[in-house]
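Engineer: okay, here's the prediction I keep looking at, along with the sequence it came from:
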Amino acid sequence: MSYVRWKKTTLAIGIACLICCSVLRGVRAETYKEGQITVKHEDLSVKSDRERIRFDHPYEITGNVITNALSYIYYEEKGLLKKKETMRVFQDDEIRTLTPFIIQALSVATPKQAVAVSSYSERLLLSDQQNYCILFVANKRLNIVFSRIHTFQTYNDTMSDKKRFSTTYENPVTIKHSRFWKLVPSTGQQLEPDHENWLIIDLSSATYQQPVTKKTGTVDEKTEQGKADLDSRLKKLEEKMAGSVDASKQMQPASALEKTAKGESKIKSKLLILRELVSEEIISEEDYNNKKAKLLREGMGDMAVKDQLREIKDLKSEGLITEGDYDEIKKELLEHF
């Protein structure tokens, strides 16, 4: 091979490599995470009227538009025990975290990538309620499709998160309805036909173009107002319970004192405090169940399986967890053993 031909061949290979690298750099599958909030790309085929939707990605969106869009998403509960009023899906603390993540994710998404969002809000005693949705832009309209809205985490979910397993979520585009909730369109919004979980938002609406304003009467505002009062109540109740716990320690055998040293009885004492809050109507039964699951998840994570089984048996005998709670946790513990 002559030097000239070798030089041309080398140049051609170099150009081809540069082109391939450029193409590969343009295909991204990013994940953005902070605490329990995750935003990531998902390769999804979404259809409407049996035709595949082509996403307008990558898409540039401003902070005020996405903040307003998330702030004006409402839902209502279904069932006999449903709350009467409509409620916001996302709270202010979620939106503050989600906004920059969603902006970045949309700006680098490919035409085949949707943006998946898993989020939690730091609600008072309700931090385990989760939202899960996918969002994408098509025809200059923001589509948000939910499979979970304020859904309470199962024990399996929390164990998976704790052990860093991948939690499998329902694909929102494969469902149309939920037994527990439905979206309620507001200004500049409409539902996808025959769907209660798929919201289409007209981003050109003045509602979403305006500067972000603070909303009054939100869960966040009520939480801040009530947090100091509730903290004070909890502290008084803990001091009250501490007196009874200290008195009972003197009558406990050595094995029970060892349990206290290990922190196992701390779960029981906190559940007793929460039961007292329920009896005084400071919190609801739903609040108790949510906080109970969080305590069981976080309070026993460092205990041996044998000790966890003893602990939940004791809690069941005290009436602090139900037979169903006991069976589910025991089954999960034995599966991971």
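Structural biologist: Great, that's in hand. Numbers count the residues shown, from 1 in each chain.
Engineer: how about the strands in the stretch 151-300 of the chain?
Structural biologist: For the stretch 151-300 of the chain, strands defined by DSSP state E, counting those that start in this stretch occupy the ranges 181-184, 189-191, 198-202.
Engineer: state the helix or strand in which Pro58 lies.
Structural biologist: Of the helices and strands defined by DSSP states H and E, none includes Pro58.
Engineer: run a quick neighbour tally on it.
Structural biologist: Pro58: 16 surrounding residues under other CB atoms under 10 Å. Backbone N, C-alpha and C define where each C-beta goes, glycine included.
Engineer: contacting residues for it?
Structural biologist: The contact partners of Pro58, taken as CB atoms under 8 Å, 6 or more residues apart in numbering, are 106-110.
Engineer: is Asp93 in a helix, a strand, or coil?
Structural biologist: Using DSSP: H, G, I helix; E, B strand; the rest coil, the structure places Asp93 in helix.
Engineer: that one and Phe146, how far apart?
Structural biologist: To Phe146, Asp93 is 19 Å away according to CB to CB, to the nearest Å.
Engineer: comparing the two, which residue is more hemmed in?
Structural biologist: Set Asp93 next to Phe146 and count neighbours by other CB under 10 Å: Phe146 wins out with 27 against 17.
Engineer: so what's the more buried one scoring on pLDDT?
Structural biologist: Per-residue confidence at Phe146 stands at 96 (pLDDT).
Engineer: likewise the one 3 residues further on?
Structural biologist: Note for Ile149: predicted pLDDT of 91.
Engineer: do the same with the one 5 residues further on
Structural biologist: Confidence at Thr154, expressed as pLDDT, is 52.
Engineer: can you pick the most crowded of the contacts of Pro58?
Structural biologist: For those, the largest neighbour count, defined by other CB under 10 Å, is 25 neighbours, found at Leu106.
Engineer: helix, strand or coil for it?
Structural biologist: Quick answer, by three-state DSSP: Leu106 is helix.
Engineer: which residue packs closest to it, ignoring adjacent ones?
Structural biologist: Of all residues not flanking Leu106 in the chain, Tyr59 sits nearest, at 4.7 Å (CB to CB, 6 or more residues apart in numbering).
Engineer: where exactly do the helices run in the protein?
Structural biologist: Listed in chain order, the helices of the chain (DSSP state H) span residues 3-26, 63-71, 92-108, 155-162, 206-209, 219-249, 254-262, 264-279, 285-299, 305-317, 323-336.
Engineer: worst mean pLDDT among those helices?
Structural biologist: Confidence, taken as mean pLDDT, is least for helix 254-262 of those (a mean of 41).
Engineer: could you give the bridge partners of Thr31?
Structural biologist: Assessed by DSSP bridges, Thr31 has beta-bridge partners Lys40.
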